[in-house]
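Chemist: output the structure for:
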Amino acid sequence: MLWKIRTELADRPGALAELAARCGADEINILSLEVFTAESGAVDELVVSTGIGWTAEGLTALVAEAGCTRTTVRPCQADVLHDAPTRYLRAVLRLIDDPLSVDEELESLQGFDEYTPAEWARADVLVEIAGRLAEREAGPVQEPPRPGSAVPELRKASVEDADAVVAMHDRCSYESRTRRYHVPMPKLTARTARHLSAPAGGVSIVAAADGAVVGMATAAPWDELSGSAMEIAVLVEDGWQRHGLGTQLLRRVIQEARELGADRVVCMVQPENVAMLRTVEGLRMRTRVVQDSGHLMVTVALSDQSLSHAVDRPSVPYRQTRAIPARS
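Modeler: Model prediction:
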C-alpha cells in the first residue's frame, strides 16, 4: 500500500538518515522524497510502500520514534510518484480548459491542509494563471458602491458569501492583499474563500453595501499559544479604507470571539502596516506587542488574566513603530 507522509525532521545532522534507517528496519520502502524549507525547519514529504497491516497511526508512531514531529499520514495512489514539474504542468493544461478547477487541482497537488512557503509560491502561480484565464471569459468587473452612496451593514458571514468575498478580494490592491495575508495573493480561490467565510471553530464578519462585500474580519482558533486565544485579521476594500470600517469590523469580530470563549485575540501585523496598528490602538483595549519573525504579534486582552498567557518575549516600542511613515 502507498502512503504519503509529511513530517518535520529533528533539527540535527543525520535526522533524515535516522528516519530512513527506521523505515528500512520495518521493511518500509521510501519511493520518493521532497524537502521543503519552512520557518520552523525542514519539512519532508515522503511516499512510502508498506506491507499489509500498516495504518496511518502506526506510521505516525514510527516516524515519531525517529524524532519527527507534526506528522500527517494519508493513503495515496501511484500518480503521486510523478515528479512535481510534470504534475504542475498537467494542472496548467487542465486550467486552460477549465480555469475554475483550480481548487481541485491545488487539493490534488497538495493533498494536505498545510502549505510550506515553497508550495505557497507554486499555488500562487497556478491561481494567477487560473485568474487570468477566467478574466478572458468574464465580462468587465462591476464597480462596487463607494462611501457616501451606501451605509455598510455588518453581519456574520457564511459559506454563501464566498463568491462576494472573492469579488472583493479581486478589487483590492496588491498592497492591501499582501498586508492581509503577509504573502502575495494574486487570486483568492473559492475553497479558501469558503474557509474564510466560515472558519472552523471561529467566526467571520462581513461589511455589505448594496449587495457587495466591501470588508471582512475573521477570528479563528490560535493553536500556537496556551489558553483560549483566537487569531484575527481584517481586509477592507481600498475605496472604503480610512472611513472607520476597519475599526467597526475589528470591534465586532472581537466581540464575537469573546462570546465564543476566547480570553484574548492575536493579530500578526507587518511593522510597516501603520494603519492596522493605529486601528488596534484605537480600540482602547489592553494590548501587548512583541516581535515575532519579522512581524509584530499584537495580543489584545479580553479578560483580566489573559495577557499572562501570552508568549514570553520582550515587548517592542509600539508607539515608536506607529511613527513609521506609511508606504505610498
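Chemist: quickly find the element holding residue 88.
Modeler: Using DSSP states H and E, residue 88 sits within helix 84-97.
Chemist: flag every buried residue along the next helix or strand along the chain from that helix.
Modeler: For helix 84-97, the following helix or strand on the C-terminal side (DSSP H and E) is helix 102-110. If you call a residue buried by 16 or more other Cβ atoms under 10 Å, then helix 102-110 has these buried ones: 102, 103, 105, 106, 109, 110. For glycine as for every other residue, the C-beta is placed from the backbone atoms N, C-alpha and C.
Chemist: wait, which of these is closest to residue 32?
Modeler: Nearest to residue 32 out of these is residue 109 (Cβ to Cβ; 14.2 Å).
Chemist: pLDDT score for the closest one?
Modeler: Per-residue confidence (pLDDT) for residue 109: 74.
Chemist: let me see the contact set for it.
Modeler: 87, 88, 91, 122, 126 (Cβ atoms under 8 Å, 6 or more residues apart in numbering).
Chemist: ok, so what distance separates the last one from residue 96?
Modeler: Counting by Cβ to Cβ, to the nearest Å, the gap between residue 126 and residue 96 amounts to 12 Å.
Chemist: quick one on the thing from earlier: mind putting the contacts of residue 109 into CSV with pLDDT?
Modeler: As requested, the contacts of residue 109 are exported to CSV (pLDDT from 0 to 100):
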residue, pLDDT
87, 80
88, 81
91, 85
122, 78
126, 82
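Chemist: what is the host helix or strand of residue 21 packed up against?
Modeler: Per DSSP H and E: residue 21 is located in helix 15-25. Applying 3 or more Cβ pairs under 8 Å, 6 or more residues apart in numbering; DSSP states H and E, we find helix 15-25 packed against strand 29-38, strand 41-49, helix 56-65.
Chemist: please convert these to CSV, extending it with mean pLDDT and mean neighbour count.
Modeler: As requested, the helices and strands packed on helix 15-25 are exported to CSV (pLDDT from 0 to 100; neighbours: other Cβ atoms under 10 Å):
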stretch, mean pLDDT, mean neighbour count
strand 29-38, 82, 14
strand 41-49, 83, 19
helix 56-65, 90, 15
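Chemist: outline the domain layout of the protein.
Modeler: Taking automatic domain parsing as the domain assignment, the ranges for the chain are 2-80, 82-137, 153-322.
Chemist: in the stretch 51-200 of the chain, where is pLDDT below threshold?
Modeler: Across the stretch 51-200 of the chain, the ranges flagged by pLDDT under 70 are 80, 82, 110-114, 135, 137-146, 148-149.
Chemist: where along it do the strands fall?
Modeler: Remark: strands assigned in the stretch 51-200 of the chain by DSSP state E, counting those that start in this stretch are 69-75, 153-156.
Chemist: could you list the alpha-carbon positions for the last one in PDB?
Modeler: I take that to be strand 153-156. Provided in PDB are the C-alpha atoms of strand 153-156 (Å, rounded to 0.1, in the frame of the first residue of the first chain):
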ATOM      1  CA  GLU A 153     -24.200  46.600   7.100                       C
ATOM      2  CA  LEU A 154     -22.100  44.300   9.400                       C
ATOM      3  CA  ARG A 155     -23.200  40.700   9.800                       C
ATOM      4  CA  LYS A 156     -21.900  37.200  10.400                       C
END
